[in-house]
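Enquirer: what would the 3D arrangement of this be:
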Amino acid sequence: MKYFIVDAFTTEPFGGNPAGVVLINNGFPSVSLMQQVAAEFRYSETAFVRRDGVAEFTVRYFTPCGEVDLCGHATIASFGVLFKIGMVADGTLCINHTLAGDLQVRVGEKVMMQMDEPHIFDTVVDIDRLHTIMGVKNSQDELPVQVVSTGLPDIILPVNSIGELNAIVPDMDALAQLSKKLEVTGVHAFALSDDGYTAHVRNFGPLYGIPEESATGTANAALTHYLHHNGIISSPGGFRFLQGEVMQRPSVVETSILDDDSIWVGGNSTIIAKGDLII
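Expert: Residues are numbered from 1 along each chain as shown. You can find the predicted model right below:
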């Protein structure tokens, strides 16, 4: 099996969010083997990609702790690899079979993936408890805390300023427990901005062994729906989110809402290593 280490949502090596990408020759190996590979790579997600047709693929996603239904940055990394090594031509619209459903992916130097139909859950979140866990002193009172999903559910947490956002230091154990209780992936915190980005964001998922991610496609797609639902942005349109600043891995995640109200997310990617898995 060929493997690649890819920085997603960036044009610069060692920026963005790193992911492992493994190309499967035939059938998927055992779940235990894929889990071992993901744990060995130690990235927040490793994608295992099987070609099913000219423009049809099945992708499975593993964190160091277990399999997840979908991962935005690992999808961008995977289809970025397929484009860069010549397996898929520029402009091809691919079908990506995932545990979260079948999604369309537009392939090119910039990869854009269609997200699942957005959904806002009627989840009751103890706001004071959440603020305590996240170490947030001043929240954005004019916007609600909501659980939103475009494939994976996240708690969307608004804060007042970029300074407040960058000062967040969560209690990771308590956040993992809360995430398990509310059946969410984690918390996606954001502060609106007027500096060329729609918002600056941070994402925390300790329940899945990810204290913080430098770029999260699914969560920014969920945030896009949240902002549209709450009247902050209008559609159709394109939006840009800056993530990973605190981690010194700046990532630019782009999203768009099309005329049919579908949400797409994507960006650039950079291959930094490749090789063979000898197992």
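
Enquirer: tell me the buried residues in stretch 210-229?
Expert: For stretch 210-229, burial by neighbour count (16 or more other C-beta atoms under 10 Å) applies to 210, 212-228. (Each C-beta comes from the backbone N, C-alpha and C, glycine too.)

Enquirer: in helices, which of those appear?
Expert: Secondary structure from DSSP state H places 217, 218, 219, 220, 221, 222, 223, 224, 225, 226, 227, 228 of those in helices.

Enquirer: I'd like those laid out as CSV, including distance to residue 234.
Expert: Formatted as CSV, those follow (distance: C-beta to C-beta, whole Å):
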residue, distance to residue 234
217, 22
218, 22
219, 21
220, 17
221, 17
222, 18
223, 15
224, 12
225, 13
226, 14
227, 10
228, 7
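
Enquirer: show me the domain layout of this structure.
Expert: Domains of the chain are assigned by automatic domain parsing as 2-115+266-276, 119-261.

Enquirer: what is the mean pLDDT for stretch 265-279?
Expert: For stretch 265-279, mean pLDDT is 95.

Enquirer: start to end distance for it?
Expert: 34 Å (C-alpha to C-alpha, to the nearest Å).

Enquirer: for that stretch, which positions count as buried?
Expert: 265, 266, 267, 268, 269, 270, 271.

Enquirer: what segments of this protein are helices?
Expert: Assigned by DSSP H, the helices in the chain fall at 31-41, 72-84, 127-134, 162-166, 172-182, 217-229.

Enquirer: beta-bridge partners for residue 239, please?
Expert: Beta-bridge partners recorded for residue 239 (DSSP bridges): residue 255.

Enquirer: OK, contacts around the spatially most central residue of the chain?
Expert: By C-alpha atoms, centre = their mean, the chain has its centre lying nearest to residue 216, at 2.6 Å. The contact partners of residue 216, taken as C-beta atoms under 8 Å, 6 or more residues apart in numbering, are 17, 72, 73, 188, 203, 243, 253.

Enquirer: most neighbours among those, which one is it?
Expert: Among the contacts of residue 216, residue 73 has the most neighbours (other C-beta atoms under 10 Å), with 34 neighbours.

Enquirer: and residue 213, what does it touch?
Expert: 17, 44, 73, 203, 204, 205, 243, 244.

Enquirer: just flag the most distant two among those residues.
Expert: Using C-beta to C-beta, the contacts of residue 213 span at most 15.0 Å, a distance reached by 73 and 204.

Enquirer: related to what we said a few turns ago, mind putting the ones in helices among the buried residues of stretch 210-229 into CSV with distance to residue 135 and pLDDT?
Expert: Shown next, in CSV, are these (distance: C-beta to C-beta, whole Å; pLDDT from 0 to 100):
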residue, distance to residue 135, pLDDT
217, 25, 89
218, 24, 89
219, 19, 94
220, 22, 96
221, 26, 94
222, 22, 97
223, 20, 98
224, 26, 98
225, 26, 97
226, 22, 97
227, 24, 97
228, 28, 97
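
Enquirer: and which of those is nearest residue 194?
Expert: The closest of those, once distances to residue 194 are taken by C-beta to C-beta, is residue 227, at 14.1 Å.

Enquirer: hang on, the earlier thing: would you turn the helices of the chain into CSV with distance to residue 12?
Expert: Listed next are those as CSV, based on distance: least, C-beta to C-beta, whole Å:
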stretch, distance to residue 12
helix 31-41, 21
helix 72-84, 14
helix 127-134, 29
helix 162-166, 21
helix 172-182, 28
helix 217-229, 18
